[in-house]
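*Asks:* The following block contains a protein sequence and its predicted model.
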Amino acid sequence: MRYPLSLRFGPMFAAEIRKRRVAHVRGYPQWRWHLDEVFVKVNGKLCYLWRAVDHEGEIPEAVVTAGRDKAAALTLLKRIMKRYGQPRKIVTDGLRAYSAAMKEIGAADRHEVGGRLNNRAENSHRPFRRRERAMQRFRRMKTLQKFSSVHAQVHNYFNQERHLVTRQVYKQRRTAALAEWRALAG
């Protein structure tokens, strides 16, 4: 089965897209991150996809683990803080692994827990789930990690927040993103 051109070139250029995004994000202070985990079946076994979503709805990092504990939360936090720096606030759901991990890295004062505060992270799982269904699930954790990282970067690149801008501005941004994507792939 042959995949469309954009799916074959996506993994090749995701690293370049990520480098540009990291350089851009480092220039601005991070206001708030939303952390959440989602259950994903890999070859019949439950795995956990831990994701961080920034205040703009973009997904800077995704980590796949076999466990749902403090060590997994620490893995996500250390990875994202190493790459993007420290945020002002970190919003999570009620999972106690987050609180334990925050205490260990010394960010307990920045931690917010609330019922509906983490909706941005919960809604970020929807595009991933749609794509997961289209792919008919995953067979290995390594494949899931690679796919989730690439999918997040490409989705961030083309997600233009249509509800916040006029139609004309939206079309200009989409055209610019597509032109840059073609330049990367060409």
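*Replies:* Arrived safely. Numbers count the residues shown, from 1 in each chain.
*Asks:* Could you find the closest non-adjacent residue to the residue nearest the centre of the chain?
*Replies:* Central residue of the chain (CA atoms, centre = their mean): Ile59, 2.8 Å from the mean position. For Ile59, ignoring the flanking residues on the chain, the nearest one in space by CB to CB, 6 or more residues apart in numbering is Ala152 at 3.9 Å. Backbone N, C-alpha and C define where each C-beta goes, glycine included.
*Asks:* Over to Glu16?
*Replies:* Nearest in space to Glu16, with sequence neighbours left out and distances taken as CB to CB, 6+ apart, is Leu184 at 6.0 Å.
*Asks:* For that neighbour, I want the exact helix or strand it lies within.
*Replies:* Per DSSP states H and E: Leu184 is located in helix 167-185.
*Asks:* With Arg83 instead?
*Replies:* Taking DSSP H and E as the definition, Arg83 sits inside helix 70-84.
*Asks:* which sections of this structure are below the confidence cut-off?
*Replies:* Flagging of the chain using pLDDT under 70 yields the residue ranges 1-15, 17-18, 21-30, 156-157, 160-163, 186.
*Asks:* Let's verify the residue nearest to the centre of the chain: helix, strand, or coil?
*Replies:* Look at Ile59: counting by DSSP: H, G, I helix; E, B strand; the rest coil, its state is coil.
*Asks:* Could you do the one 5 residues further on as well?
*Replies:* Local secondary structure at Val64 is given as strand here, using three-state DSSP.
*Asks:* my guess is it meets Cys47, correct?
*Replies:* Yes - with contact defined as CB atoms under 8 Å, Val64 counts as touching Cys47 (5.8 Å).
*Asks:* Compare these two and say which one has the larger neighbour count.
*Replies:* Ranked by neighbour count (other CB atoms under 10 Å), Val64 and Cys47 place Val64 first, with 24 against 20.
*Asks:* how far away is the more buried one from Ile80?
*Replies:* 14 Å (CB to CB, to the nearest Å).
*Asks:* cool, and Leu178?
*Replies:* Remark: distance between Leu178 and Ile80 (CB to CB) = 28 Å.
*Asks:* Which one's more surrounded, the two?
*Replies:* Applying other CB under 10 Å to Leu178 and Ile80 shows that Ile80 carries more neighbours, namely 24 against 12.
*Asks:* nearest residue to that one other than its sequence neighbours?
*Replies:* The nearest residue in space to Ile80 (CB to CB, 6+ apart) is Glu61, at 4.5 Å.
*Asks:* Report how many residues lie close to that neighbour.
*Replies:* Using other CB under 10 Å, Glu61 has 23 other residues around it.
*Asks:* wait, it sits on Arg79?
*Replies:* Yes - assessed by CB under 8 Å, Glu61 is found in contact with Arg79 at 5.8 Å.
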